[in-house]
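# build me a structure from this.
(chains A and B)
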Amino acid sequence: NAGVTQTPKFRVLKTGQSMTLLCAQDMNHEYMYWYRQDPGMGLRLIHYSVGEGTTAKGEVPDGYNVSRLKKQNFLLGLESAAPSQTSVYFCASSYSRDRGETQYFGPGTRLLVL
Amino acid sequence: GENVEQHPSTLSVQEGDSAVIKCTYSDSASNYFPWYKQELGKRPQLIIDIRSNVGEKKDQRIAVTLNKTAKHFSLHITETQPEDSAVYFCAASLSYKLIFGSGTRLLVRP
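Next up, the predicted model:
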């Protein structure tokens, strides 16, 4: 099992450009999450999904959109990138609550917006 | 919503000593408290977790304690080793969403 994978690993964008980050998991997890990590601020939840076709907002959703068309994939989109979105983005997944809440993280995507 | 505070932000200990990291949470309904270790440039990895119906949990050199009344939980690492050097994050979960503390950078001096 590959676990949780993310593509790309690193990306540089200019202000106003768009991009999509892909998260994939092969553990048949129901729940998937997108976090951003900034220095000194820990991980903050952007959006999450409790199942295929469902998404919900987390702590810092502004400027991002997500889609979960397939159970194993969770996409994070930036429609018009801003320098404030420079960060490391982590995807995570977990089973549903009654099967355990441990979240497993992907390796991260480092995004630089100029 | 939930808020998690973590202290200290940095901690330096001598190899072999113990390290303690403390967190407080605001929402008394939170019921799951994991701790993650993150090495430089790597992903966060779960090292131990505790549920609200348990007061203490131990796994070899690592232990976590939970005081629900005071809304405190702590990570204890005994006999620290250089490979314990990393950033540690606490988190509190309510309805499967994790709210993280801001992290503690632990340095174990050989």
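
# what does chain A put close to chain B?
A:31, A:33, A:40-45, A:48, A:50, A:58-59, A:90, A:94, A:96-97, A:101-108 (CB under 8 Å from any CB of the partner chain). From N, CA and C alone the C-beta is placed, and that goes for glycine too.

# which among those count as buried?
Among the residues of chain A next to chain B, those classed as buried by 16 or more other CB atoms under 10 Å in any protein chain shown are A:31, A:33, A:42-45, A:48, A:50, A:58-59, A:90, A:94, A:101, A:103-106, A:108.

# partner strands of the strand or helix carrying residue B:20, with direction?
Following DSSP states H and E, one finds residue B:20 within strand B:19-25. Paired neighbours of strand B:19-25 in the sheet (DSSP bridges): strand B:4-7 (antiparallel), strand B:72-77 (antiparallel).

# quick one: the strands in chain A?
A:4-7, A:10-13, A:19-25, A:31-37, A:43-51, A:54-57, A:65-67, A:73-78, A:87-94, A:104-105, A:109-113 (DSSP state E).

# chain B against chain A: which residues are in contact?
Taking CB under 8 Å from any CB as the criterion, chain B approaches chain A at residues B:1, B:6, B:9, B:32, B:34, B:42-46, B:49, B:89, B:93, B:95-103.

# quick one: which of those sit in strands?
B:6, B:32, B:34, B:45-46, B:49, B:89, B:93, B:97-100.

# farthest pair within those residues?
Pairwise distances across those peak at 19.3 Å for B:45 and B:97 (criterion: CB to CB).

# looking at the two, which is more packed in?
For residue B:45 and residue B:97, the more surrounded residue by other CB atoms under 10 Å in any protein chain shown is residue B:97, and the numbers stand at 21 against 12.

# the lowest-mean-pLDDT helix or strand in chain B packs against which elements?
When the helices and strands of chain B are scored by mean pLDDT, DSSP states H and E, strand B:97-100 comes last with a mean of 90. Packing partners of strand B:97-100 (3 or more CB pairs under 8 Å, 6 or more residues apart in numbering or on different chains; DSSP states H and E): strand A:43-51, strand B:86-94.

# can you put those in CSV and add distance to residue B:60?
Converted to CSV, the helices and strands packed on strand B:97-100 look like this (distance: least, CB to CB, whole Å):
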stretch, distance to residue B:60
strand A:43-51, 25
strand B:86-94, 16
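
# deepest-packed of those, please.
strand B:86-94 (a mean of 23; mean count of other CB atoms under 10 Å in any protein chain shown).

# which strands and helices sit next to that strand?
Packing partners of strand B:86-94 (3+ CB pairs under 8 Å, 6+ apart): strand B:4-7, strand B:19-25, strand B:32-38, strand B:72-77, strand B:97-100, strand B:104-109.
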